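> Turn this into a structure:
(one chain, ligands or ions: 1)
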Amino acid sequence: MDRKVRVRFAPSPTGPLHIGGVRTALYNYIFAHQNDGDMILRIEDTDSRRFVPGAEEYIADSLHWLGIKFDEGVREGGEYGPYKQSERREIYKEYVQKLLDADKAYIAFDTPEELEEARQRISNFQYDASTRGSMRNSLTMPKEEVDRLIAEGKQYVVRFKIEPNRDVKVNDLIRGEVVINSNILDDKVLYKSADELPTYHLANIVDDHLMKVSHVIRGEEWLPSAPLHVLLYEAFGWTDTMPQFVHLPLLLKPVGNGKLSKRDGDKLGFPVFPLEWHDPKSGEISSGYREKGYLPEAVVNFLALLGWNPGDDSEVMSMDELIKKFSFEHCSKSGAKFDFKKGIWFNHEYIGKTDDAVLAQLFMPVLAEHGITDVDPEYVAKAVGMVKGRADLIPDLWTQGDFFFRAPDTYAEKDIKKRWSAETPAIMEELIGVLEGIDDMTSANAEKIVLDWIAEKGYHLGNVMNAFRLAVVGACRGPHMFDIAELIPKEEVIARIRRAIKEIKPVQK
Ligand code: GLU
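Reported below is the predicted structural model:
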């Protein structure tokens, strides 16, 4: 059947979006764009007890940062709204009623105590075809009593009446056909009168149906719910338009076994959230990829390859390339190890590819943290351009290029030992004279003049150049010395050499 591709990302605002959720959103986005489809952001907030303030905004901001855009959603609007489930109560009530009318669901009054009692009485108790006959529900009670209890305001739930001993088939694009016997399913609660809200299962499938979702692409943790969803589609008579299921492989711990958790990130020092998250209750701050200095393109590229491969050895791929190459056939069934070091590698690659002016803007807040605010963006861009090849994360631009923005206040001991002898101060004095005589400090020009002077005097090239570097940078590190001396104003270069002559005491050998 030819259907317009419509996918949705349907997070519950119960906390910050985990990196696994980001990957789910990304695969949805890629698939939608590959098929000229629509991408929906739906907020599944029917569980009011788990609602966390700020989580919804956090989710939208995170995906925006990563360039995962939506065609329809709470912020975007769209013709199938509202896109927040708590604003769709009336719709769900109508569909719950449809199931009740068709005898596919029933009303149950059992209190928590009565359920506990049943668990004591019946071993391995499950609310299903074998036990529902002994519970307090509309199947065992006269209609008048049910109506009376409801009229009296008694709380109840609506349960799905699952037919026993049926093989339920879930067709999954990655896993193939998954068959589950309905005996293992319980009569799931679909609606609670207490808050007049449906549960996840009902709201989720009613919305997928009404929003004309063609593919449900979500994490593997939702696979156990899929048979129930298939049965709900059937109960409503929507089997023909049931979405195609795709359950994505889990993200696994970088070391050891099991699911990736926040604790792994804390232990090994990598974020598991896209943006920094400030927990409104505990006040705890969890690190985010953005604040750590990752580029969104690098995070996208890294995540895309966790569970999918392009079938060749391409690694660095833009969103457009991912959209061209992606396919579920190349997604794995087994979990993907979260190799965070690979994430750092990707970031290094993307920093190297990113325009200097763009990097300079991202670097500005880091400079500000170090008290450097009044600085020419063009100067920053040139400095960044010289050191970006050595940076993994944005803050590394500072560790690699701090000397462009401040004079050294210490000098590396081991370099002094190696490069600063009793004769050095006099040679440095001479170098100041040479530099003062140069009008055009362009790297190649200054280099020629200085090297000619060194040769003419018969000085040791390495010693002179490294002493020069030590004076300007504070250590024997950094890019080509004459490139540095071209960018830093000449007076400043000279001032630094003067200061070094005063400050550095040659180490006795
Ligand atoms: N609300 C569910 C979640 O938080 C949605 C699962 C689904 O995509 O069906 O992930």
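> The closest residue to the ligand within the stretch 251-400 of the chain: neighbour count?
Closest residue of the stretch 251-400 of the chain to the ligand, C-beta to the nearest ligand atom: Leu251 (13.9 Å). C-beta here means a position set from N, CA and C on the backbone, and glycine is covered the same way. Using other C-beta atoms under 10 Å, Leu251 has 27 neighbouring residues.
> Test my guess that it contacts Leu260.
Yes: using C-beta atoms under 8 Å, Leu251 is in contact with Leu260, at 4.4 Å.
> Mutual contacts of these two, please.
19-20, 338 (C-beta atoms under 8 Å, 6 or more residues apart in numbering).
> Need the per-residue pLDDT for Met1.
Met1 is assigned a predicted lDDT (pLDDT) of 56.
> now swap in the one 10 residues further on and tell me
Reported pLDDT at Pro11 in the predicted model: 97.
> That one - how many residues pack around it?
Neighbour tally, Pro11, other C-beta under 10 Å: 24.
> so who does it touch?
17, 21, 25, 43-44, 59.
> can you do 10 Å?
17-18, 21-22, 24-25, 41-45, 55-56, 58-60, 62-63 (C-beta atoms under 10 Å, 6 or more residues apart in numbering).
> Which members of these occur in strands, if any?
Members of the contacts of Pro11 lying in strands (criterion: DSSP state E): Leu41.
> Among the contacts of Pro11, which lie within helices?
21-22, 24-25, 55-56, 58-60, 62-63 (DSSP state H).
> So the residue of the stretch 151-300 of the chain found nearest the ligand: helix, strand or coil?
Of all residues in the stretch 151-300 of the chain, the one sitting closest to the ligand is Arg218 (3.6 Å; C-beta to the nearest ligand atom). On the three-state scheme (DSSP: H, G, I helix; E, B strand; the rest coil), Arg218 is labelled strand.
> one step back: the contacts of Pro11: which ones sit near the ligand?
Contacts with the ligand within the contacts of Pro11, as defined by C-beta under 6 Å from any ligand atom: Glu44.
> in the stretch 1-150 of the chain, which spans are helices?
Assigned by DSSP state H, counting those that start in this stretch, the stretch 1-150 of the chain shows helices spanning 19-34, 55-65, 89-101, 112-121, 143-151.
> Grab the CA positions of the second one and hand them over as CSV.
Same thing as helix 55-65. Extracted in CSV, the C-alpha atoms of helix 55-65 (Å, rounded to 0.1, in the frame of the first residue of the first chain):
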residue,chain,number,x,y,z
ALA,A,55,11.4,18.6,30.3
GLU,A,56,9.2,19.4,27.3
GLU,A,57,11.2,22.6,26.5
TYR,A,58,14.4,20.7,27.1
ILE,A,59,13.4,18.1,24.5
ALA,A,60,12.4,20.6,21.9
ASP,A,61,15.6,22.7,22.5
SER,A,62,17.8,19.7,22.3
LEU,A,63,16.4,18.5,19.0
HIS,A,64,16.6,22.0,17.6
TRP,A,65,20.2,22.2,18.5
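> what about it, average pLDDT?
So the average pLDDT for helix 55-65 ends up being 97.
> Same question for stretch 283-291.
96.
> For it, measure first residue to last.
Counting by C-alpha to C-alpha, to the nearest Å, you get 17 Å between the two ends of stretch 283-291.
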